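A.B. asks: Need the 3D shape of this:
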Amino acid sequence: MPGLTITFTDEELATLRVTARREQVSMKAYAHATVIERIEQEALRAGYRQLRDELGQADSSAIRAAANTSAARIASEAGE
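C.D. replies: Predicted structure coming up:
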């Protein structure tokens, strides 16, 4: 399986070690999950931008309003 060597400063590596330990995973597993999460977030953003460009302004505003309503409901249910 292909791999990737990443260079960290001593401070960055120490932070990675602490964070991975807190998450109870290896540093390799934590770094992999973090990179994959970032890739997925960017794919979602790109999809959103494409959808936004394809929709009209009124549709985009309606979607944004629905998302804000959903976020407020989730926060309320979570007790925030």
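A.B. asks: got the buried residues for stretch 22-30?
C.D. replies: Using 16 or more other CB atoms under 10 Å as the test for burial, stretch 22-30 gives Met27, Tyr30. In short, each C-beta sits where N, CA and C put it, glycine included.
A.B. asks: so where's the chain shaky on pLDDT?
C.D. replies: Residue ranges of the chain with pLDDT under 70: 80.
A.B. asks: residue nearest the centroid of the protein?
C.D. replies: Centroid check for the chain by CA atoms, centre = their mean gives Gln41 as the closest residue, at 4.6 Å.
A.B. asks: wait, what's in contact with Glu40?
C.D. replies: Residues near Glu40 by CB atoms under 8 Å, 6 or more residues apart in numbering: none.
A.B. asks: Please identify which helix or strand holds it.
C.D. replies: Assigned by DSSP states H and E, Glu40 falls within helix 27-54.
A.B. asks: what element comes up after that helix heading to the C-terminus?
C.D. replies: Assigned by DSSP H and E, the successor of helix 27-54 is helix 57-77.
A.B. asks: and that next one, C-alpha only, in CSV?
C.D. replies: What follows is helix 57-77, C-alpha atoms only, in CSV (Å, rounded to 0.1, in the frame of the first residue of the first chain):
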residue,chain,number,x,y,z
GLN,A,57,-30.3,33.0,-5.6
ALA,A,58,-33.8,32.3,-4.1
ASP,A,59,-33.1,28.6,-3.9
SER,A,60,-29.8,29.2,-2.3
SER,A,61,-31.3,31.5,0.3
ALA,A,62,-34.1,28.9,1.1
ILE,A,63,-31.5,26.2,1.5
ARG,A,64,-29.4,28.4,3.8
ALA,A,65,-32.4,29.3,5.9
ALA,A,66,-33.4,25.6,6.2
ALA,A,67,-29.9,24.7,7.2
ASN,A,68,-29.8,27.4,9.9
THR,A,69,-33.2,26.2,11.2
SER,A,70,-31.9,22.6,11.4
ALA,A,71,-28.7,23.7,13.1
ALA,A,72,-30.7,25.7,15.7
ARG,A,73,-33.0,22.7,16.3
ILE,A,74,-30.0,20.3,16.7
ALA,A,75,-28.3,22.8,19.2
SER,A,76,-31.6,23.0,21.1
GLU,A,77,-32.0,19.3,21.3
